[in-house]
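Visitor: One predicted model, sequence on top.
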Amino acid sequence: MGLQAYLTLAAVVFCIGFFGVITRRNTIGILLGIELMLNSVNINLVAFARFSGDVTGMVFTVFTICITVAEAALGLAIVILLFRVRRTVTADHLDLLKG
Amino acid sequence: MSGEVVAFWCLSAVLVGSALAVVLTKNLFHAVLWLALALTGTAGVFLLLDAEFLAAVQILLYAGGIVTIVVFAIVVTERLVGERISQTSRRIAGGAVVSIVLVSLIASAVMQRPLADVRPPMAEDLTREIGDTVPTRFVLPFELLALLMLAALMGAIYFARPED
């Protein structure tokens, strides 16, 4: 399989994640969509690294995986805090900053 | 068809199917389990691309770590709210149209470019090469990452502190 097949697969997964982000009403559901999107970007990085013969893309995949884990931990901490304060699940009800 | 082609199509089917299940199931807990399958499928794709170390990291950190904390968050918030969390979606048609337009744009851009079909030879042991590159060529991003991890740790502890 060539590079194009891997890039197309990553694009499909990215857009499925994007679909989840814009259609889900639940905050945790939105976070799951973001995880899918970040994950597909990693496929791109590894595929480019392998097909160009340069290890840099793989090193940056290690970095993005670490950043994603930090993002997930913080995002879920914020979600738990929001539940504690507002007792609500849906993103539509989280309009504290609305003027 | 060679083994790699068969494996690629099987992994693609698993990955796309489980990704669709993540964004379409009603039950949030099932969505997390589908996400675990999708992340494991991605680890398989990494194996196809000769990145064994990344596949192991993917399974350990993503499928092990993230899925665990998401399940934990669901359990905690369900107990706080006192009712089952279902997740409904809205504007599915509009979202589907936007996503399909986006994927066709990316796919057409990918198809128009002359991209490599053959893999150049790489070092025998890619894990060793990644390990050699991180503390030499990429030492600054590595240290910045350590700083980010510290900030995230402190932020998570701050957010999760008990109410006073």
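Guide: Yes, it's here.
Visitor: pLDDT below threshold where in chain A?
Guide: Counting by pLDDT under 70, chain A has low-confidence residues at A:89, A:99.
Visitor: need the longest helix for it.
Guide: What stands out as the longest helix in chain A, according to DSSP state H, is helix A:56-86.
Visitor: what's that one packed up against?
Guide: The contact analysis (3 or more CB pairs under 8 Å, 6 or more residues apart in numbering or on different chains; DSSP states H and E) places helix A:56-86 against helix A:27-52, helix B:52-57, helix B:67-81, helix B:126-133, helix B:139-159. (Glycine included, C-beta is placed from N, CA and C.)
Visitor: the inter-axis angle of that helix versus helix A:27-52?
Guide: Angle, helix A:56-86 to helix A:27-52, by axes from the mean of the first three to the mean of the last three CA atoms, to 10 degrees: 180 degrees.
Visitor: gap between helix A:56-86 and the chain center?
Guide: Relative to its chain's centre, helix A:56-86 lies at 9 Å (CA atoms, centre = their mean, to the nearest Å).
Visitor: List the buried residues for it?
Guide: For helix A:56-86, the neighbour count (16 or more other CB atoms under 10 Å in any protein chain shown) marks A:57-66, A:68-80, A:82-83 as buried.
Visitor: same question, stretch B:25-35
Guide: Neighbour counts over stretch B:25-35 (16+ other CB under 10 Å) mark B:25, B:28, B:31-35 as buried.
Visitor: How about stretch B:143-150?
Guide: B:145, B:148.
Visitor: Check stretch A:5-13 too.
Guide: A:5-13.
Visitor: can I get those in JSON lines with distance to residue B:146 and secondary structure?
Guide: Shown next, in JSON lines, are the buried residues of stretch A:5-13 (distance: CB to CB, whole Å; DSSP: H, G, I helix; E, B strand; the rest coil):
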{"residue": "A:5", "distance to residue B:146": "36", "secondary structure": "helix"}
{"residue": "A:6", "distance to residue B:146": "31", "secondary structure": "helix"}
{"residue": "A:7", "distance to residue B:146": "31", "secondary structure": "helix"}
{"residue": "A:8", "distance to residue B:146": "35", "secondary structure": "helix"}
{"residue": "A:9", "distance to residue B:146": "32", "secondary structure": "helix"}
{"residue": "A:10", "distance to residue B:146": "28", "secondary structure": "helix"}
{"residue": "A:11", "distance to residue B:146": "32", "secondary structure": "helix"}
{"residue": "A:12", "distance to residue B:146": "34", "secondary structure": "helix"}
{"residue": "A:13", "distance to residue B:146": "29", "secondary structure": "helix"}
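Visitor: pLDDT-wise, which helix or strand of chain B ranks last?
Guide: Among the helices and strands of chain B, helix B:67-81 carries the lowest confidence by mean pLDDT, DSSP states H and E, at a mean of 76.
Visitor: Give me the residues contacting it.
Guide: Under the contact criterion CB atoms under 8 Å, 6 or more residues apart in numbering or on different chains, helix B:67-81 has outside partners A:28, A:31-32, A:72-73, A:76, A:79-80, A:83-84, A:87-89, B:28-29, B:32-33, B:35-36, B:39, B:84-85.
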